[in-house]
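Student: Any chance you can model this:
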Amino acid sequence: MEKKLNEKIDEVKTKLIEDIIEIVKIPSVKGTPEKKAPFGRNINKALFKALEISEKLGFKTENIDGYMGYAQLGDDENYIGIVGHVDVVLAKEGWCNPPFSGNIENGKIYGRGVLDNKGPIMSALYALYAIKESKLKLSKTIRIIFGTDEESGFSDIPYYLNREKPPIMGFTPDCKYPVVYGERGRAKIKIGIDMNKENYEKLTREFFDFVNTYFLASKSNGDRLGINYSDKEFGMMQMRNYNLDNKDNYLNFTFDLSYPATCTIDEIIKQIESKMSCNLEIELLNNYNPVKFEKKSFLIRSLQEAYEEVTHLDGSPVTTTGGTYAKVMPNIVPFGPSFPGQKGIAHNPNEYMDMNDIVLNAKIFSQAIYKLAK
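Tutor: Sure, this is the predicted structure:
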């Protein structure tokens, strides 16, 4: 089966590359909301292009009011979902070629979003196309889902889940290989003090004493706060992105946490509060709980096997400090597209994807989808 699907991917790889370049040329950075284009005109163009390509390949498509869209093979309401996105971050300065040109050089396609995440999600679409054209029988429906707000807060997912059932299982090709069975939790917390009260100088001193003692003089694992949770799978707590501001006579200190699955955000907040005076206030600005799957589950084992069979590399499941759609879309895990050693490419100038890796991703995805749905 692997040989048959690999040969089909090789047959269509030229068209896959052409379609990726076409969609990379759309500068799908978040813009001003418009009717049926909640994240701006250019993201909507990229979504329409992804659905147009899907229809051309013979798939049923659906546009969820510009928030998300999907290509589907099969008619069952219970489906396996492969969830990527077509929105991109700003290109900024430092590019050798225009960031939305899709320029090819030394076997690599350069362009904002080619890796994160237009190339991988189009590879998944062509992986499903290879299964369809090979006339392999599947027992489950498959959806390739195109998100539009992954880079700016995941607000496309709640809209989708209010109208569609979640996938019964699946993956997001927006992280790394091998298959990721666990994502750390992420939280942003604010600690503030009201300076409109009496004893201005005392309150100011109290606020800065707290910040100095428990953050600036502390290790980045939160040891002085007593939140230095860790475990062998996820590693140590990480505190970062410190910021001070004074707004409307409130002194505020915000910081981010990347925390292991061994603790909950409620436990963390309670522990921080135990160190605070009654004048200090704490606010949880946002939180994404850790995600963890059983390493021996059918989903993880199937994705591990697909990766190992195609690449002949060790596919032992791993964890990540990153944050993907797996935090908000139920029943999916991160899987691909970056191979071991490939770091610091997405979100940077001269973002690229090697064309051989694009084809290899499509082959891994086709095996993975077939294993999950046969």
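
Student: Identify the residue nearest the geometric centre of this protein.
Tutor: The centre of the chain sits closest to Thr324, judged by Cα atoms, centre = their mean, with a distance of 2.4 Å.

Student: any idea how far it is from Ile269?
Tutor: 24 Å (Cβ to Cβ, to the nearest Å). Every residue, glycine included, has its C-beta placed from N, CA and C.

Student: Need phi/psi at the residue nearest to the centre of the chain.
Tutor: Backbone torsions for Thr324, taken as degrees, to the nearest 10, come to phi -130, psi -180.

Student: was I right about it contacting Asp174?
Tutor: Yes. Assessed by Cβ atoms under 8 Å, Thr324 is found in contact with Asp174 at 5.0 Å.

Student: re the thing from before, next up, the contacts around the residue nearest to the centre of the chain.
Tutor: Counting by Cβ atoms under 8 Å, 6 or more residues apart in numbering, Thr324 makes contact with Glu150, Thr172, Asp174, Cys175, Glu183, Pro334.

Student: nearest to Ile104, of those?
Tutor: Asp174 (22.8 Å; Cβ to Cβ).

Student: which residues touch the closest one?
Tutor: Gly84, His85, Asp116, Asn117, Pro120, Glu150, Thr324, Tyr325, Pro334, Pro337.

Student: and these as CSV, adding pLDDT and secondary structure?
Tutor: Shown next, in CSV, are those (pLDDT from 0 to 100; DSSP: H, G, I helix; E, B strand; the rest coil):
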residue, pLDDT, secondary structure
Gly84, 98, strand
His85, 98, strand
Asp116, 96, helix
Asn117, 96, helix
Pro120, 98, helix
Glu150, 96, helix
Thr324, 94, coil
Tyr325, 97, helix
Pro334, 97, strand
Pro337, 98, strand
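
Student: Out of these, which is nearest to Ser218?
Tutor: The closest of those, once distances to Ser218 are taken by Cβ to Cβ, is Thr324, at 29.0 Å.

Student: Give me the distance between that closest one and Asn221.
Tutor: For Thr324, the distance to Asn221 - Cβ to Cβ - is 24 Å.

Student: Could you give the average pLDDT over the strand or helix carrying Ala46?
Tutor: Using DSSP states H and E, Ala46 falls within helix 41-56. Mean pLDDT, helix 41-56: 98.

Student: quick one: that helix to chain centroid distance?
Tutor: 20 Å (Cα atoms, centre = their mean, to the nearest Å).

Student: And stretch 160-170, by the same measure?
Tutor: 16 Å.

Student: Tabulate the CA atom coordinates of it in CSV.
Tutor: Extracted in CSV, the C-alpha atoms of stretch 160-170 (Å, rounded to 0.1, in the frame of the first residue of the first chain):
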residue,chain,number,x,y,z
TYR,A,160,-16.6,26.1,13.7
LEU,A,161,-17.5,23.9,16.7
ASN,A,162,-20.8,25.8,17.2
ARG,A,163,-21.9,24.6,13.8
GLU,A,164,-20.0,21.4,13.1
LYS,A,165,-19.2,18.3,15.2
PRO,A,166,-15.6,17.9,16.2
PRO,A,167,-13.5,15.3,14.5
ILE,A,168,-13.4,11.8,16.2
MET,A,169,-9.6,12.0,15.8
GLY,A,170,-7.0,13.6,13.6
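
Student: Residue numbering should commence at 53 henceforth.
Tutor: Okay, using 53 as the starting number, the last item reads as stretch 212-222.

Student: Going by neighbour count, which residues of it are buried?
Tutor: For stretch 212-222, burial by neighbour count (16 or more other Cβ atoms under 10 Å) applies to Tyr212, Glu216, Pro218, Pro219, Ile220, Met221, Gly222.

Student: Between all of these, which two are separated the most?
Tutor: Farthest pair in those, by Cβ to Cβ: Tyr212 and Met221, 16.5 Å.

Student: about what we covered before: next secondary structure after the helix holding Ala98?
Tutor: Counting by DSSP H and E, what follows helix 93-108 is strand 112-116.
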